[in-house]
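Participant: structure, please.
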Amino acid sequence: MKKFILIGLIGCILIWGSYQAMFSDNEDVTAVQDETEPQHITQNIETLINEAIEHYNRLLKQHETLEIDHETVRISDSNIKNWIIHTHIQSAVLANENLEGIELVDRALQYKHTNEAIIKWAKEVHDTEVTDKEIKDYIKQQLAHIENGEQAHPFFVKISEALELTEAEYFYEWEYDRFAQLLIQDKLYDIYQENYSQFEDEPLEEYQGRLIALMEKDLNEYRNH
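Facilitator: A predicted model of the protein is given here:
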């Protein structure tokens, strides 16, 4: 249930459950663009990952730095590399987009800044943080879930191999910040659930949607303050 909430809150930052949903049954990537007029694409996982890495390498070759919304972005920065590759894969999977060039960097920065804003908002407004130990324990739980259910495992193996990372490096370093955000959002959702009760006869799905809307509203107000 919280996996659904997190996708709603941050729009398009790729959430753990999205990977699981996309890759649990087979090794093809199938993305649905919208509900009213769905457009499907199917790609081999290796192809998608290699495309993301190629787009990053092309950017690195063409630009040492880029100016995006008055921010100087150094393409060789390992954290920027992480978000660029992650964003390309995510956009293809969730939104049927093929981002590249400056548009890809711009979107990656949007996701990076949203990630940072959620963590800052949680701390400053809700006095909520996650420790390094909590994050690592959470990653261990997710690894156990994958190993027990064999869900999404081929994808994670292939992306870690493509990035020349061990599986441990992939989970505990490459995806560390996003796991931190996921855990923070779990805690925030619990806070909102305590503060806003479910109405009598309110369907659970509507209640969850209302909490998401409240979280989105409060986050946007914080960011625009």
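Participant: what is the least confident helix or strand in this protein?
Facilitator: strand 28-32 (a mean of 35; mean pLDDT, DSSP states H and E).
Participant: rounded mean pLDDT for the longest helix seen in the chain, please.
Facilitator: Assignment by DSSP state H gives helix 101-126 as the longest helix of the chain. Mean pLDDT, computed over helix 101-126, is 93.
Participant: repeat for stretch 184-195
Facilitator: 93.
Participant: same question, stretch 208-224
Facilitator: For stretch 208-224, the mean pLDDT works out to 92.
Participant: how many residues are close by Ser91?
Facilitator: Other residues within reach of Ser91, judged by other CB atoms under 10 Å, total 22. No exception for glycine: its C-beta is placed from N, CA and C like everyone else's.
Participant: just the element for it, please.
Facilitator: Following DSSP states H and E, the helix or strand that holds Ser91 is helix 78-95.
Participant: dump that helix to PDB, restricted to CA.
Facilitator: Extracted in PDB, the C-alpha atoms of helix 78-95 (Å, rounded to 0.1, in the frame of the first residue of the first chain):
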ATOM      1  CA  SER A  78      29.200  10.500  -9.300                       C
ATOM      2  CA  ASN A  79      25.900  11.600  -7.800                       C
ATOM      3  CA  ILE A  80      24.800  13.300 -11.000                       C
ATOM      4  CA  LYS A  81      25.700  10.300 -13.000                       C
ATOM      5  CA  ASN A  82      23.600   8.200 -10.600                       C
ATOM      6  CA  TRP A  83      20.500  10.400 -11.100                       C
ATOM      7  CA  ILE A  84      21.000  10.700 -14.900                       C
ATOM      8  CA  ILE A  85      21.100   7.000 -15.400                       C
ATOM      9  CA  HIS A  86      18.400   6.300 -12.900                       C
ATOM     10  CA  THR A  87      16.100   9.000 -14.500                       C
ATOM     11  CA  HIS A  88      16.500   7.600 -18.000                       C
ATOM     12  CA  ILE A  89      15.500   4.100 -16.900                       C
ATOM     13  CA  GLN A  90      12.700   5.400 -14.800                       C
ATOM     14  CA  SER A  91      11.200   7.600 -17.400                       C
ATOM     15  CA  ALA A  92      11.200   4.800 -20.000                       C
ATOM     16  CA  VAL A  93       9.600   2.300 -17.500                       C
ATOM     17  CA  LEU A  94       7.000   4.600 -16.000                       C
ATOM     18  CA  ALA A  95       6.200   7.200 -18.600                       C
END
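Participant: and that helix, average pLDDT?
Facilitator: Across helix 78-95, the average pLDDT comes to 89.
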